[in-house]
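A.B. asks: Fold the following.
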Amino acid sequence: MRASGLTAECKKLFRKKDGNFALFAAIVIPVLMTAGSLAIDTTNMMSAKIRLQNAADSAALATATQLTNKTLTAQTAKDFAIQFFNGQVSEDARAFGGFKATPVVGITPITDANGGMVWQVSVSVKGQQKASGMAAFVGRNKLDIQVGGKAESGSNVTRNAVSMALVLDKSGSMDWYGPTANTGWYPGAPKKIASLKSAVDSLLTQLAEADPDKEYVRIGGAAFDNSLYDTEKMRWGTAKVSKFVNDLPASGGTDSADAFKWSFQQLTKATETTEHAKKTGLVPDRIIVFMTDGENNFNAADVSTLALCNTAKLAKVEIYTVAFMAPARGKALLSACASTAAHYFEASSSAELVKAFKSIGMKAANMVSRLTQ
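C.D. replies: Residues are numbered from 1 along each chain as shown. Have a look, this model is predicted:
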């Protein structure tokens, strides 16, 4: 039967009002509703599991680091881990209906072969999220999720020095609520520039927890539109760059080339190596975090930025890129700039943007304490 013939037969069937159609509808409609429910809830469950896993890993890592630095005791570490975890999922609790997450923390001190103290931290989480409307219709009201994170911090922790530069889009489209100017406000949806500030804060939190004494991490950055770029020079600690990002306005067009060039130059200056040598004697790993929500106004800026990305990679600078509600050309540039496919993130919501920056922050913080699971 031709496609047109099949379509006609389907239309004919749905116009029928006899018992055969009623029987057909009674069988098929619940099946279709169940299938739709499973698809929606499977996606929601996977998303929630990723969010909870990231939070559990972050809490375990931060707690192990603090125990190693002797800023926590075994008695205070559990409360710290629970508070840290709850802070990581606070946005999810506000954004998703029926969201609950209960962490259980284990702190185990072990004496290693050299007589030193090794702290093992586990964070096990039972999570719950409200199921879709269709799922509730067929008797499934909630999604149950379980995850666990572990971190281990040795008595003689191997630490690396890090220099990180942010390259952030502050163009006019960052003042929108969605991917286009016509995307109107809706409850709980921040403007994109506000989402960026929250996301950077999540990254900086990871770094601050990993380096509480401001000895291993230096960070700065640049924010761009199409006419100028603002900068915050490389410094120890996260306070200055946090204020820099939180004070950013959103206006103008998009041109990433000069801001990327400035950040690359700051990272590769001889003085950056010297600053670390004074503190720890270590040579820093160099990282750029490059984010945009759009595409450059001119193709020449794409060409220049990509050339700079390739030069940076040859200089052993690690590049993470985040496309936030970006169009195809913007995504293509960021994908090509990233050090590997795993260094490239796409975010279509505020929650996904925060998750991407949090993940990057965790990877940088892992240079301080190693994750064992």
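
A.B. asks: OK, contacts around Trp176?
C.D. replies: By CB atoms under 8 Å, 6 or more residues apart in numbering, the residues touching Trp176 are Thr183, Lys191, Lys192. To be clear about C-beta, it is placed using only N, CA and C from the backbone, and glycine gets the same treatment.

A.B. asks: residue ranges of the helices in the stretch 1-150 of the chain, please?
C.D. replies: Applying DSSP state H, counting those that start in this stretch to the stretch 1-150 of the chain gives helices spanning 3-15, 19-68, 74-88, 90-95, 133-137.

A.B. asks: Now Ser198: closest residue in space, sequence neighbours ignored.
C.D. replies: Among residues not flanking Ser198 along the chain, Val354 sits closest, at 5.6 Å (CB to CB, 6 or more residues apart in numbering).

A.B. asks: Contacts only, for that neighbour.
C.D. replies: Glu91, Ser195, Ser198, Ala199, Ser202.

A.B. asks: can you do 6 Å?
C.D. replies: Residues near Val354 by CB atoms under 6 Å, 6 or more residues apart in numbering: Ser198, Ala199, Ser202.

A.B. asks: looking at these, which has the most residues close by?
C.D. replies: Ala199 (28 neighbours; other CB atoms under 10 Å).

A.B. asks: ok, and the closest non-adjacent residue to that one?
C.D. replies: Once flanking residues are discounted, Ala199 sits nearest to Phe357: 3.8 Å by CB to CB, 6+ apart.

A.B. asks: How about Ala364?
C.D. replies: Val162 (5.7 Å).

A.B. asks: Next, give phi and psi for the one you found.
C.D. replies: phi -130, psi 130 (degrees, to the nearest 10).

A.B. asks: since we're on it, how many residues are nearby?
C.D. replies: Residues near Val162, counting by other CB under 10 Å, number 23.

A.B. asks: which stretches of the chain have low pLDDT?
C.D. replies: Applying pLDDT under 70 to the chain picks out residues 1-45, 92-97, 112-116, 132-140, 154-158, 186-188, 367-373.

A.B. asks: which residue is nearest the centroid of it?
C.D. replies: Geometric centre of the chain, nearest residue: Ala356, 1.7 Å, by CA atoms, centre = their mean.

A.B. asks: Could you say which helix or strand holds it?
C.D. replies: According to DSSP states H and E, Ala356 maps onto helix 350-365.

A.B. asks: Please name the residues that touch Ala356.
C.D. replies: Counted by CB under 6 Å, 6+ apart, Ala356 has contacts Val322, Phe345, Ala347.

A.B. asks: Spatially, what comes nearest to it if we skip its sequence neighbours?
C.D. replies: Distances taken as CB to CB, 6+ apart put Phe345 closest to Ala356, at 3.8 Å, once the chain neighbours are dropped.

A.B. asks: hang on, that neighbour packs against Val322?
C.D. replies: Yes - using CB atoms under 6 Å, Phe345 is in contact with Val322, at 4.6 Å.

A.B. asks: the more surrounded of the two?
C.D. replies: Ranked by neighbour count (other CB under 10 Å), Phe345 and Val322 place Val322 first, with 27 against 22.

A.B. asks: and the more buried one, what are its bridge partners?
C.D. replies: Assessed by DSSP bridges, Val322 has beta-bridge partners Met291, Phe345.

A.B. asks: Could you measure from it over to Asp201?
C.D. replies: Separation of Val322 from Asp201 (CB to CB, to the nearest Å) stands at 14 Å.

A.B. asks: roughly how far apart are Lys192 and Phe244?
C.D. replies: As judged by CB to CB, Lys192 and Phe244 stand 18 Å apart.

A.B. asks: of those two, who's got more company?
C.D. replies: Lys192 (26 against 22).

A.B. asks: Quick check: closest non-adjacent residue to that one.
C.D. replies: Distances taken as CB to CB, 6+ apart put Met174 closest to Lys192, at 4.7 Å, once the chain neighbours are dropped.

A.B. asks: Make sure that neighbour is indeed in a helix.
C.D. replies: Yes - using DSSP: H, G, I helix; E, B strand; the rest coil, the assignment for Met174 is a helix.
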